[in-house]
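J.: Could you work out the structure for the sequence below:
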Amino acid sequence: MICNICPRRCGAERTETYGGGFCRMPAVPVIARAGLHLWEEPVLSGTRGSGAVFFSGCSLGCVYCQNHTISAEGVGKAVTTERLREIFRELIAQGAHNIDLITASHFVPFLLPALEEPLPVPVVFNCGGYERVETLRLLEGKVQIWLPDLKYGLEEPARRYSHAPDYFPVATEAIREMFRQVGPCRMEDGLLRQGVVIRHLVLPGQLESTRRVIDWVARTFRPGEVLFSLMSQYTPQPGAEGPLRRHVTAAEYRAAAEYMANCGIVDGFVQERTSAREEYTPAFDLTGV
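T.: Below you'll find the predicted structure:
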């Protein structure tokens, strides 16, 4: 296939064994781990966990990625559509509240057959937010919960940290499309069954970018239409430079949380600062693959 799935539109060749382009992945899904995951938002993890399927490769190049071994180094195993469907069934049998597809955007054409038959639990599409609307439309009716990041509200950090200067306009258009597909959040027995949860990771030294993100969410959606998750789990990675060498300070995170509240965003989550630990990153050892 000649790939134009993501906003980069590389036009790269991808076959079953060769991966060109920015994501460096073949056309078939490559998975690094599949298992119950208890560290998503409470409305997703519940008591038994999300059925998390971690895909390798990524259309972003975030220099602070905690999943670097799979997003950039390509650790993982290629699977067939049939095996992917089996993995879904195995996770559901283990008690998963949902099937959580993590960073799967660059495999969407191969995902479609695996999602053709409806599952008895919601499908969560967990992504970086940097998505083509045309690709998202292929998933309409197959995804019940969208879980995008909205990483940046400014061009400069998007360019410097993720090599995507157009991130904000692209991601906001994508999130509008996600909301169009599923509408306002719908809860059942304390779990999210349908809707959009927008995540934002607070980065050290980037409070103005965070404020721009919060501003957009507050003016775009009415209270209760989407959930907003303010995250504190930034962890400095080897080789980090400048402000990224440190954790987010208590003052920075408190300022972000206060700004969120002052903008009227009360439907969502404010992560505890103790979440900024490496232990929250699972082992990408082909478990469940």
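J.: Just the terminal-to-terminal distance for stretch 71-84.
T.: 19 Å (Cα to Cα, to the nearest Å).
J.: Let me see the ranges of the strands in the stretch 51-200 of the chain.
T.: 77-78, 99-102, 123-127, 145-148, 186-188, 191-201 (DSSP state E, counting those that start in this stretch).
J.: need these in JSON lines with mean neighbour count, distance to Phe168 and mean pLDDT, can you?
T.: For the C-beta atoms, the positions are set from N, CA and C on the backbone; glycine is no exception. JSON lines is the format used below for the strands of the stretch 51-200 of the chain (neighbours: other Cβ atoms under 10 Å; distance: least, Cβ to Cβ, whole Å; pLDDT from 0 to 100):
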{"stretch": "strand 77-78", "mean neighbour count": "15", "distance to Phe168": "33", "mean pLDDT": "96"}
{"stretch": "strand 99-102", "mean neighbour count": "26", "distance to Phe168": "22", "mean pLDDT": "98"}
{"stretch": "strand 123-127", "mean neighbour count": "24", "distance to Phe168": "15", "mean pLDDT": "98"}
{"stretch": "strand 145-148", "mean neighbour count": "26", "distance to Phe168": "13", "mean pLDDT": "98"}
{"stretch": "strand 186-188", "mean neighbour count": "11", "distance to Phe168": "28", "mean pLDDT": "97"}
{"stretch": "strand 191-201", "mean neighbour count": "22", "distance to Phe168": "12", "mean pLDDT": "98"}
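J.: For Phe179, find the nearest of those.
T.: Of all those, strand 191-201 sits nearest to Phe179, with 5.2 Å by Cβ to Cβ.
J.: immediately after the closest one, which helix or strand?
T.: helix 207-220 (DSSP states H and E).
J.: count of neighbours near Gly21?
T.: 21 (other Cβ atoms under 10 Å).
J.: Contact partners for it?
T.: 3, 8, 10-12, 14 (Cβ atoms under 8 Å, 6 or more residues apart in numbering).
J.: do the same with Cys65
T.: Applying Cβ under 8 Å, 6+ apart, the residues contacting Cys65 are 58, 71-72, 237.
J.: next one: Gly264
T.: Taking Cβ under 8 Å, 6+ apart as the contact definition, Gly264 lies against 218, 223.
J.: That one in helix, strand or coil?
T.: coil (DSSP: H, G, I helix; E, B strand; the rest coil).
J.: Put the alpha carbons of stretch 19-38 into CSV.
T.: The C-alpha trace of stretch 19-38 is given here as CSV (Å, rounded to 0.1, in the frame of the first residue of the first chain):
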residue,chain,number,x,y,z
GLY,A,19,7.5,-0.3,6.8
GLY,A,20,8.3,3.0,5.2
GLY,A,21,7.3,6.5,6.2
PHE,A,22,7.3,8.3,9.4
CYS,A,23,5.8,5.4,11.5
ARG,A,24,8.3,2.8,10.0
MET,A,25,5.6,0.2,10.4
PRO,A,26,4.5,-2.5,7.9
ALA,A,27,0.8,-2.5,6.7
VAL,A,28,-0.2,-5.3,9.1
PRO,A,29,-0.7,-4.6,12.8
VAL,A,30,2.3,-4.9,15.1
ILE,A,31,1.5,-5.4,18.8
ALA,A,32,3.8,-5.2,21.8
ARG,A,33,1.3,-6.2,24.6
ALA,A,34,-2.3,-7.1,25.2
GLY,A,35,-3.7,-7.3,28.7
LEU,A,36,-5.9,-5.9,31.4
HIS,A,37,-4.8,-2.3,32.2
LEU,A,38,-5.9,-0.6,35.4
